[in-house]
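Asker: pasting the structure only:
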């Protein structure tokens, strides 16, 4: 679906009309989990946000936070069709944020099993994604954590390191092992219950990436639209990557400066 026709309505992201359009389209795409529509709308929204985002963040942080949440939701739905650099950026800087805004990362796992028939191919993607999650620098909690006698900021990458070091009787960790870690680790004792629940979702996602297992009775959907989308997704997700115009939220300031430089020439 093309969304260019609504671009004029997004000329002022401070307007209630623009707020409603972004929210309604985002909610609809997330509900349908439509990868292609998510790609199209994300590209348009990123272009608009690259121009207006810095100003909105300065004058209305609450609205910027809302738009950032919309962006993150769209990015995870569109994830399969994004370029490798964008995927890496999202997993390193936006996973926890998306979870905090209500995203269930299990949906991303299911998407790959829905779109890709060959489990060996899925495994290659997931192993790559796991490495990115292991470098995630989002902070969860306020108290530094201690790993092997050294103190670290409570970033996701260090939580995963601590979790990986925690004793387990089984090679493939599941819900029991994750709960044991949450309830017994000295580091998690400082976390609120909300933070513990968020960390559980991160760890569940991470375990799903390193322990490849297609859900029971889950076979790729053969709906005609899904098949068409699957071809597009696999083409765009398979190296060599095609450079995308989508601007990650974390790079908005740089994108704005680049844009001003081009305009000023």
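Answerer: Okay, I see it. Since the model is a prediction, treat every value here as computed from it, not as a measurement.
Asker: How about residue 105: what's its closest non-neighbour residue?
Answerer: residue 205 (4.0 Å; C-beta to C-beta, 6 or more residues apart in numbering). (C-beta placed from N, C-alpha, C; glycine too.)
Asker: what's the helix or strand where the one you found lies in contact with?
Answerer: Per DSSP states H and E, residue 205 falls inside helix 193-210. For helix 193-210, the external contacting residues (C-beta atoms under 8 Å, 6 or more residues apart in numbering) are 95-96, 99-100, 104-106, 108-109, 126-127, 129-130, 133-134, 140-141, 156, 159-160, 163, 172-175, 178-179, 181-182, 188, 191.
Asker: and if you look at stretch 38-45?
Answerer: 1-4, 6-7, 10, 22, 25-26, 29-30, 70-71, 74-75, 77-78, 81-82, 236, 244-246.
Asker: So which of the residues you listed belong to helices?
Answerer: Counting by DSSP state H, the part of those found in helices is 22, 25-26, 29-30, 70-71, 74-75, 77, 236.
Asker: and stretch 48-63, how far out from the chain's middle?
Answerer: Centroid displacement of stretch 48-63 relative to its chain, using C-alpha atoms, centre = their mean, to the nearest Å, is 20 Å.
Asker: again with stretch 74-92
Answerer: Using C-alpha atoms, centre = their mean, the offset of stretch 74-92 from its chain centre is 7 Å.
Asker: Would you mind measuring the gap between the ends of that stretch?
Answerer: 16 Å (C-alpha to C-alpha, to the nearest Å).
Asker: How about stretch 53-71?
Answerer: Stretch 53-71: ends 12 Å apart by C-alpha to C-alpha.
Asker: Kindly provide the distance from residue 202 to residue 61.
Answerer: Applying C-beta to C-beta, to the nearest Å, the value for residue 202 to residue 61 is 25 Å.
Asker: and the two? which has more neighbours close in?
Answerer: The neighbour comparison of residue 202 against residue 61 (other C-beta atoms under 10 Å) goes to residue 202, with 22 against 10.
Asker: Need the pLDDT of the more buried one.
Answerer: Model confidence at residue 202, given as pLDDT, is 98.
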